[in-house]
Structure formats: C-alpha cells, structure tokens
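>>> I'll drop the sequence and a predicted model, then ask my questions.
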Amino acid sequence: MNAKIRIIFPIALWGTIALFVKNIPLPTSEIALLRAIIAALALLAYKRLRNQPVLVANLKQDLPLLFLSGAALGFNWILLFQAYHYT
C-alpha cells in the first residue's frame, strides 16, 4: 500500500467522525464507550488474523498506567463529541 494512502485514509476517516456523532441520538458518554468497545474488538480481531497472541502477563505490569491513560482518552472523547453536538 502506498505511504500517502496509508496517511490519507485515516485522516479522511477521522474527518467524518463529526458527521456521525452529530447524527447519533445517544449521549456523548455512550458514544465514547461504544467507540472504545468497537476499537478493542477490532484490535483483537486484527491480532487474531495476524496470529499474534495477546500477552496478558505483559499487560499486568502496565495496568495502572493503561487505566489512567484510557480514562484520560475517554474523557477527551466525551468532551470532543460534546463539542461536535454544539457545532
């Protein structure tokens, strides 16, 4: 895959998020939660398709930092999606 396409595709995809969020009749917190669940399932499916195991032992040592960064990202998404509702 061409390097330019690998950059353009995610940027174009990210640019459509406001259109979806603005037209979904759910609270922004639920949209952020559903987005996180879909992303987690997509990453797990990708790992399965590539035959790469998810090593839980490696995650245990970083668990507090993962929860903190996940909470910060979720809060950021909630604020971002709420801003989309107001625009």
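That came through fine.
>>> if you go through this structure in chain order, where are the helices?
3-15, 17-23, 28-49, 56-60, 63-86 (DSSP state H).
>>> Okay, angle between the third one and helix 63-86 too, please.
Between helix 28-49 and helix 63-86, the angle formed by their directions is 130 degrees, by axes from the mean of the first three to the mean of the last three Cα atoms, to 10 degrees.
>>> same question for helix 28-49, mean pLDDT?
The average pLDDT for helix 28-49 rounds to 90.
>>> Enumerate the positions of that helix that are buried.
For helix 28-49, burial by neighbour count (16 or more other Cβ atoms under 10 Å) applies to Thr28, Ile31, Ala32, Arg35. For glycine as for every other residue, the C-beta is placed from the backbone atoms N, C-alpha and C.
>>> Could I get the contacting residues of Phe20?
By Cβ atoms under 8 Å, 6 or more residues apart in numbering, no residues touch Phe20.
>>> which residues of the protein score low on pLDDT?
1 (pLDDT under 70).
>>> if we go to 90?
1-6, 9-26, 28-29, 31-32, 34-36, 39-40, 52-63, 66, 70, 80-87 (pLDDT under 90).
>>> Ala83 is in contact with Ala18, correct?
No - proximity of Ala18 to Ala83 does not meet the contact threshold set by Cβ atoms under 8 Å, at 9.0 Å.
>>> between these two, which one's more packed in?
Ala18 (15 against 12; other Cβ atoms under 10 Å).
>>> Roughly how far does that one sit from Ala32?
14 Å (Cβ to Cβ, to the nearest Å).
>>> And Leu19, by the same measure?
Separation of Leu19 from Ala32 (Cβ to Cβ): 17 Å.
>>> Check Leu43 too.
16 Å.
>>> Repeat that for Ile8.
From Ile8 to Ala32 the distance is 25 Å (Cβ to Cβ).
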